[in-house]
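Student: I would like to see how this sequence folds:
(one chain, ligands or ions: 2)
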Amino acid sequence: MSAHTTELDPFVLTLFGATGDLAKRKLFPALYGLYRNSLLPARFAVIGTGRQQLTSAEFRQAVRESVESYSRMKIDSEANWAAFVERFDYRAVDIKNLDAFSGLLSLVVDKESQFDLPGNRMFYLSIAPELFGQVSTNLRESGMTENKGWKRLVIEKPFGHDYRTAVELNEQIKQTFAEEEIYRIDHYLGKTMVQNIEVIRFANSLFEPLWNNLHIDNIQITASETVGVEERAAYYESSGALRDMVQNHLLQMVMMVCMEPPSRLVNEAIRDEKVKVLRSLRRFQEDEVHANMVRGQYAAGSMRGQSVPGYSEENGVSPQSSTETFVGGRLYIDNFRWAGVPIFIRTGKRLPEKSTEIIIQFKTMPKHIYFNRKGDLRPNLLVIRVNPSEGISLVLNAKGNSADDMQVLPIAMDYCNNCEFDSPEAYETLIHDAIQGDSTFFTRWDEVALAWKFVDPIRRAWDKDEHPIPTYPAGTWGPERLNDLLAESETHWWRVQLEDAQVVQAKEERIEVPRR
Ligand SMILES: NC(=O)C1=CN([C@@H]2O[C@H](COP(=O)(O)OP(=O)(O)OC[C@H]3O[C@@H](n4cnc5c(N)ncnc54)[C@H](OP(=O)(O)O)[C@@H]3O)[C@@H](O)[C@H]2O)C=CC1
Ligand SMILES: O=C1O[C@H](COP(=O)(O)O)[C@@H](O)[C@H](O)[C@H]1O
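Tutor: Ligands and ions are numbered 1, 2, ... in the order given. Sure, this is the predicted structure:
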């Protein structure tokens, strides 16, 4: 297969952190996926860097192992693989050593000449966040950003550790790159169904009139993981779930669900609307945190019948650690559209399922004339399944099956987005967008800043809390207290499971949905 398109600008990608975990598991497979789908320009080069000394051959072998282990696409032929991997080269660079950047610059210039590239340069920072600022400075001081074509900085999360450090980092990066040259990654924004939220909302006349506090009772957003901290304790100990997931991915999903329609489908118009949501997001004072937010840490428990250790027993974690591996909360957007609608969020490690989904619970009928077997009527639900299964389901009420049956049963209208075809990996979509110069699904500085302003008081309140962090057994849905917050709003977590055609509520109350 010839794997290129002529529409994208030829460029050199310099990847800092090319020997790291993210490059191995996500970035090389994403580049290969783009290549196989003809979504890379005809002419490009990739230069990997890290401190390790690797020859080009060793680096290319590492890229191959990464693709073989993690790509959704198999290597189709040796000839195609050779044509792909010949664009990859490696140079050992210690980011802290400015002098090392001159060797890197020579290699970039060589590759530009070898592959006839016009001088467009993308720099991807897949390194520890404390090195982001230094790389950006050294790129400028070494002359690497004095190129003929465009320059772009793609930067991994987390962007800062809190508002103050994020401002400092931003100031440092701004010395080298303009805001429109900075592509801050939040990989949830590259997920097909997260991008689909806008389309579902703004391309269907059905939903938009109902998308407000007159018709929506509450919103539930879950990003649950079955894995524990794995090999990332050093990072996670200073991050915790609040900084790792809430400051970025969860708030991004809140913005996508709650934003106003953009005036035009262009990046700044969309990001302008998203940021307005964060401006209206109610910020908790430290003394309001306990009433609205819940944290927890997984204790030893059982995952699918296997015993697993608690977080404090994991490698690299202090036995006294008070790092949260679970965050839940009840948020409010104080604007005309959303006033009074609670938005429940939860995310955690060692939960029973790997699942990211958004559930919109609509208000119940003003008066019930139909009832289900329990003597009430379930609300309509719109379920947006983000990951791993992708799709939407609309849960309605309908008449029971038999001729004389006037009992109401829940039914689900279901669309599956990835049952027949794989969706692209989030990193494929985002790298492709960055090559095209489309920053719509990257986070703008004002979004990052406001997200930290929301998170910082919560962090401070928890840091001051002298009570031991609440724990939950691995394999359960986190601290029970979160359910109390939902109960205060007269609801509970919904779980809609289509495989066995049942609508399942939290606390294992099950409602049968007959197949038609
Ligand atoms: N891994 C993941 O699942 C995710 C990671 N991220 C983010 O991606 C980034 C990378 O994470 P990850 O790949 O896990 O990290 P790793 O620790 O696995 O890799 C770090 C990389 O940085 C390089 N490095 C470290 N110090 C230096 C230095 N002084 N000079 C040059 N290179 C250096 C290492 O190279 P060497 O060892 O050769 O020195 C290595 O390639 C982080 O910002 C992280 O927050 C975001 C989401 C998920
Ligand atoms: O950014 C991160 O995300 C992953 C979860 O991503 P997903 O695409 O698998 O839902 C999380 O495991 C990690 O801790 C966090 O840094």
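
Student: wait, what's in contact with residue 243?
Tutor: Taking C-beta atoms under 8 Å, 6 or more residues apart in numbering as the contact definition, residue 243 lies against 158, 161, 455, 459. (Glycine included, C-beta is placed from N, CA and C.)

Student: quickly find the element holding residue 166.
Tutor: helix 163-174 (DSSP states H and E).

Student: run the contact check for that helix versus ligand 1.
Tutor: No: counting by C-beta under 6 Å from any ligand atom, ligand 1 has no neighbours in helix 163-174; the shortest distance is 11.8 Å.

Student: only the buried residues of that helix, if you could.
Tutor: By neighbour count, and taking 16 or more other C-beta atoms under 10 Å as the criterion, the buried residues in helix 163-174 are 163, 165-166, 169-170, 173.

Student: quick one on the thing from earlier: turn the contacts of residue 243 into CSV, columns for distance to residue 216 and secondary structure.
Tutor: Supplementary listing: the contacts of residue 243 in CSV, determined by distance: C-beta to C-beta, whole Å; DSSP: H, G, I helix; E, B strand; the rest coil:
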residue, distance to residue 216, secondary structure
158, 31, coil
161, 35, coil
455, 25, helix
459, 29, helix
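
Student: ok, these vs residue 258, which is closest?
Tutor: residue 455 (17.4 Å; C-beta to C-beta).

Student: out of everything not next to it in sequence, what's closest to the closest one?
Tutor: In space, not counting the residues next to it along the chain, residue 455 is nearest to residue 247; the distance is 4.6 Å by C-beta to C-beta, 6 or more residues apart in numbering.

Student: same check on residue 50?
Tutor: Distances taken as C-beta to C-beta, 6+ apart put residue 19 closest to residue 50, at 3.5 Å, once the chain neighbours are dropped.

Student: mind checking how far the one you found is from residue 46?
Tutor: 14 Å (C-beta to C-beta, to the nearest Å).

Student: cool, residue 180 as well?
Tutor: Distance of residue 180 to residue 46, given as C-beta to C-beta: 23 Å.

Student: same check, this time on residue 413
Tutor: With distances defined as C-beta to C-beta, the gap from residue 413 to residue 46 amounts to 44 Å.

Student: who has more neighbours, the two?
Tutor: Neighbours of residue 413 and residue 46, each counted by other C-beta atoms under 10 Å, are more numerous for residue 46; the result is 25 against 10.

Student: can you classify that one by secondary structure?
Tutor: Under the three-state scheme (DSSP: H, G, I helix; E, B strand; the rest coil), residue 46 adopts strand.

Student: isn't it up against residue 88?
Tutor: Yes: Residue 46 lies in contact with residue 88 (C-beta atoms under 8 Å); the separation is 4.8 Å.

Student: near ligand 2, which residues of this structure? Just list them.
Tutor: Taking C-beta under 6 Å from any ligand atom as the measure of proximity, the chain contacts ligand 2 at 225, 244, 356, 387.

Student: and with 8 Å instead?
Tutor: When proximity is defined as C-beta under 8 Å from any ligand atom, the chain approaches ligand 2 at 157, 187-188, 191, 223, 225, 227, 232, 235-236, 239, 244-245, 248-249, 349, 354, 356, 387, 426.

Student: ok, which of these also contact ligand 1?
Tutor: The overlap between the residues of the chain next to ligand 2 and the neighbours of ligand 1 (C-beta under 8 Å from any ligand atom) comes to 157, 187, 232, 235.

Student: which one of these is nearest to residue 211?
Tutor: For these, the minimum distance to residue 211 (C-beta to C-beta) is 25.8 Å, reached by residue 187.

Student: residues in contact with the residue nearest to the closest one when sequence neighbours are not counted?
Tutor: Spatial nearest neighbour of residue 187, chain neighbours left out: residue 426 (4.5 Å); criterion: C-beta to C-beta, 6+ apart. If you count contacts by C-beta under 8 Å, 6+ apart, residue 426 has them with 187-191.

Student: let's have these in CSV, adding pLDDT and secondary structure.
Tutor: Formatted as CSV, these follow (pLDDT from 0 to 100; DSSP: H, G, I helix; E, B strand; the rest coil):
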residue, pLDDT, secondary structure
187, 97, helix
188, 98, helix
189, 98, helix
190, 98, helix
191, 98, coil
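
Student: could you dump the residues you listed into a markdown table with neighbour count added?
Tutor: Compiled in a markdown table, the contacts of residue 426 are given as follows (neighbours: other C-beta atoms under 10 Å):
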| residue | neighbour count |
| --- | --- |
| 187 | 21 |
| 188 | 24 |
| 189 | 24 |
| 190 | 22 |
| 191 | 25 |
